[in-house]
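Undergrad: Here you go, sequence then predicted model.
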Amino acid sequence: ETGVTQTPRHLVMGMTNKKSLKCEQHLGHNAMYWYKQSAKKPLELMFVYSLEERVENNSVPSRFSPECPNSSHLFLHLHTLQPEDSALYLCASSQGTSGRGEQFFGPGTRLTVL
Amino acid sequence: AQSVTQLGSHVSVSEGALVLLRCNYSSSVPPYLFWYVQYPNQGLQLLLKYTSAATLVKGINGFEAEFKKSETSFHLTKPSAHMSDAAEYFCAVTEPNYGQNFVFGPGTRLSVLP
């Protein structure tokens, strides 16, 4: 595997389900990100992890719970979601968080909440 | 706080014509600027970036962008459009030493007509 991978690519869940999204980066980076991409809206930064510590949480509802067990893996745990949470969830990684290095994105997980 | 605007949510050009996608930013300090491309059902891929070196930046697939501080712009151009350029294009800005907070524009969908 190369770059940033995300599983699953597609997920359909009910509002009472609990599911997890997985992201893995094979680039040796030390920062990872979760973004939400909804139709007609700009990309929204949800969480940032640097050196496995959360450094940014942009007022995301508690029904989204991130986990970063090591610098290569990032999870997004989902529970009791709402239909408006349906979106493309993108994971990204970078070397450092200075902003000079670009972020590398995975292909995303298309989430549908029924 | 920084912000990005992209004039034109949808741009159509003929194959072989000039591509011009507009990006204007606001930032309290000299920024870093990026252009990303997103093909259907894929993540974002970096086209090019400006990080305070040369103001004319060349990227992949024949794209280039020029940083104009006086106009707070970072427009993306390509001399001759190809059918494979049809995609969504995002401009992003971040500030040095606060780089985890990439701010993306709303995106411009480029259509290339035969």
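TA: Sure thing, it's come through.
Undergrad: Please count neighbours and contacts with C-alpha atoms only from this point.
TA: Fine.
Undergrad: And the strands in chain A?
TA: With strands called from DSSP state E, chain A shows them at A:4-7, A:10-13, A:18-25, A:31-37, A:44-50, A:53-57, A:64-70, A:73-79, A:87-94, A:104-105, A:109-113.
Undergrad: highest average neighbour count across those?
TA: Burial of the strands of chain A is given as mean neighbour count (mean count of other CA atoms under 10 Å in any protein chain shown); strand A:87-94 ranks first at a mean of 26.
Undergrad: export it as PDB, just CAs?
TA: C-alpha atoms of strand A:87-94 as PDB (Å, rounded to 0.1, in the frame of the first residue of the first chain):
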ATOM      1  CA  ALA A  87     -21.000  13.100   3.600                       C
ATOM      2  CA  LEU A  88     -17.600  12.200   2.200                       C
ATOM      3  CA  TYR A  89     -15.100  11.800   5.100                       C
ATOM      4  CA  LEU A  90     -11.500  12.500   4.100                       C
ATOM      5  CA  CYS A  91      -8.400  11.600   5.900                       C
ATOM      6  CA  ALA A  92      -5.100  13.400   5.300                       C
ATOM      7  CA  SER A  93      -1.600  13.400   6.600                       C
ATOM      8  CA  SER A  94       1.400  15.700   6.500                       C
END
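Undergrad: one step back: of the strands of chain A, which shows the lowest average pLDDT?
TA: Of all these, strand A:53-57 carries the lowest average pLDDT, namely a mean of 75.
Undergrad: so what does it touch, helix or strand wise?
TA: strand A:44-50 (3 or more CA pairs under 8 Å, 6 or more residues apart in numbering or on different chains; DSSP states H and E).
Undergrad: And the contacts of the strand it packs on?
TA: Strand A:44-50 is contacted from outside by A:30-37, A:54-60, A:66, A:68, A:96-97, B:100-102, B:104, using CA atoms under 8 Å, 6 or more residues apart in numbering or on different chains.
Undergrad: and chain B, which of its residues are near chain A?
TA: Residues of chain B lying close to chain A by CA under 8 Å from any CA of the partner chain are B:32, B:34, B:41-46, B:49, B:51, B:94-107.
Undergrad: Quick check, pLDDT for A:Glu1.
TA: 66.
Undergrad: Mind telling me which residue is nearest the centre of chain A?
TA: A:Trp34 (2.9 Å; CA atoms, centre = their mean).
Undergrad: dump the residue contacts of that one.
TA: A:Leu45, A:Met46, A:Phe47, A:Val48, A:Tyr89, A:Leu90, A:Cys91, A:Ala92.
Undergrad: So A:Lys18 sits against A:Phe64, correct?
TA: No - between A:Lys18 and A:Phe64 there is no contact under CA atoms under 8 Å: 10.3 Å.
Undergrad: Name all residues that sit in contact with the two at the same time.
TA: Shared contacts of A:Lys18 and A:Phe64 (CA under 8 Å, 6+ apart): A:His77, A:Leu78, A:His79.
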